[in-house]
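Visitor: Build me a model:
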Amino acid sequence: MNALQPFQFGSHNVRVATHADGSEWWILADVCRVLEIKNSRDVAKRLDADEKDVVTIDTPGGPQSVTIVNEPGLYSVIFKSTKPEARAFKRWVFHEVLPQLRKRSEPAQLPPPPSTTQQILERELRTPDGHVEIIRYAIAEDPTPAAAPAPLDLADLRRKFDAAVKQGTQAQCQGMSPDSRGLYLRGLNSKLKACVCGGRARSEWTEKDYRAAVAFLRTSYGVDVSYVLS
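Guide: Numbering: from 1, shown residues only. Modelled structure (predicted):
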C-alpha cells in the first residue's frame, strides 16, 4: 500500500492510498465524517469482506489501525447514505479525485513481440472537467510489408465490446448491490464517452475509437478486452 494522499472536500480531509495493483483505498472514518455518519464501525460491519480491510498507518500519536474501503465499498457507503452531502461527495470522487489518482498512475506497456520493432503511441484525453489523461499503447511493426487488414464490422464490434466490458468488470462489481453496480458502470461508461471519443455516442464510434477505448480500459481499470479487436 502506497503512502496516504490527502484530498480536501470542503472542510474535511479525505485520505486515499493506492494499492500496488492500482486500486484506490479510502480511510472509512474520513468518508463517514463527510457523510455525517457517527459510527464508522457499524458501517464497516455492513460491508462485504472484499470491500474493506484493516491497515496500520502512522499518525502524530503513533501507529494506528484503521479500516479502509476500496472503490466498490466506497460506492456502497455513499449509496446507502441519505445525507444531502452524499450526492456532492459522489461527484467530487468521480470528477476530481479518481481522475487525479489515475493520471498519476503509470500505465502498463505491452512487451515487444519477437523479431519486431515497436511503436509507442500516446493519446491525450481531456475530460470535461479539464483533467488530462495520457493513454499509451504499443503497436508492433513487422519489418516485412503486410496487406492492410480488412476493416472491422462496427456494429458487430460494438456488440462484442459491450459484452466484453460487462464480463470484464464482473470482478470489480462482485458483491455490489444492483444500484451500486449500476452506479459503477455508469461512471465507467461516462468516462469512456468523455475521454475517448469526445462525447460522441457509442453508435458513432470508429474503429480507432474502439482501439483507444480498449487501451483506456486496460490502463485505467485493469480490464483487458483487447480480444474484441481480433
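
Visitor: which residues touch residue 63?
Guide: Counting by CB atoms under 8 Å, 6 or more residues apart in numbering, residue 63 makes contact with 56-57. Using the backbone N, CA and C atoms, a C-beta is placed for each residue, glycine as well.

Visitor: Helix or strand next in line after the longest helix seen in the chain, which one?
Guide: Scanning the chain for the helix with the most residues, using DSSP state H, yields helix 178-195. Per DSSP states H and E, the first helix or strand lying C-terminal to helix 178-195 is helix 207-221.

Visitor: other SSEs contacting that next one?
Guide: strand 117-126, strand 132-141, helix 154-168, helix 178-195 (3 or more CB pairs under 8 Å, 6 or more residues apart in numbering; DSSP states H and E).

Visitor: And the last one, what does it pack against?
Guide: Okay, so that is helix 178-195. With 3+ CB pairs under 8 Å, 6+ apart as the test, helix 178-195 has helix 71-80, helix 170-173, helix 207-221 packed against it.

Visitor: let's go with 10 Å and repeat that
Guide: In terms of contact count using 3 or more CB pairs under 10 Å, 6 or more residues apart in numbering; DSSP states H and E, helix 178-195 is assigned the packing partners helix 71-80, helix 98-104, strand 117-126, strand 132-141, helix 154-168, helix 170-173, helix 207-221.

Visitor: pretty sure residue 207 is touching residue 157, no?
Guide: Yes: Residue 207 is within contact range of residue 157, at 7.1 Å (criterion: CB atoms under 10 Å).

Visitor: ok, these two, which is more surrounded?
Guide: When residue 207 and residue 157 are compared for neighbours, residue 157 comes out ahead with 18 against 14, by other CB atoms under 10 Å.

Visitor: For the more buried one, give me its contacts.
Guide: 151, 205-207, 209-210, 228-229 (CB atoms under 10 Å, 6 or more residues apart in numbering).

Visitor: how does this protein divide up, domain by domain?
Guide: For the chain, the structural domains run 5-104, 117-229, going by automatic domain parsing.

Visitor: quick one: low-confidence ranges for the protein?
Guide: Of all residues in the chain, those with pLDDT under 70 make up the ranges 1-2, 20-22, 102-151, 195-198.

Visitor: Neighbours of the closest residue to residue 158 other than its chain neighbours, how many?
Guide: With CB to CB, 6 or more residues apart in numbering as the criterion, residue 158 has its nearest non-adjacent residue at 6.2 Å, and that residue is residue 202. Other residues lying near residue 202 total 15 when counted by other CB under 10 Å.

Visitor: ok now do residue 202, which residues does it touch?
Guide: So, once contact is read as CB under 10 Å, 6+ apart, residue 202 ends up touching 158, 161-162, 189, 192-193, 209-210, 213.

Visitor: go on, residue 70?
Guide: By CB under 10 Å, 6+ apart, the residues touching residue 70 are 19, 23-26, 47, 50-53, 76, 172.

Visitor: Go again with 6 Å.
Guide: Listed by CB atoms under 6 Å, 6 or more residues apart in numbering, the contact set of residue 70 reads 23, 25, 51.
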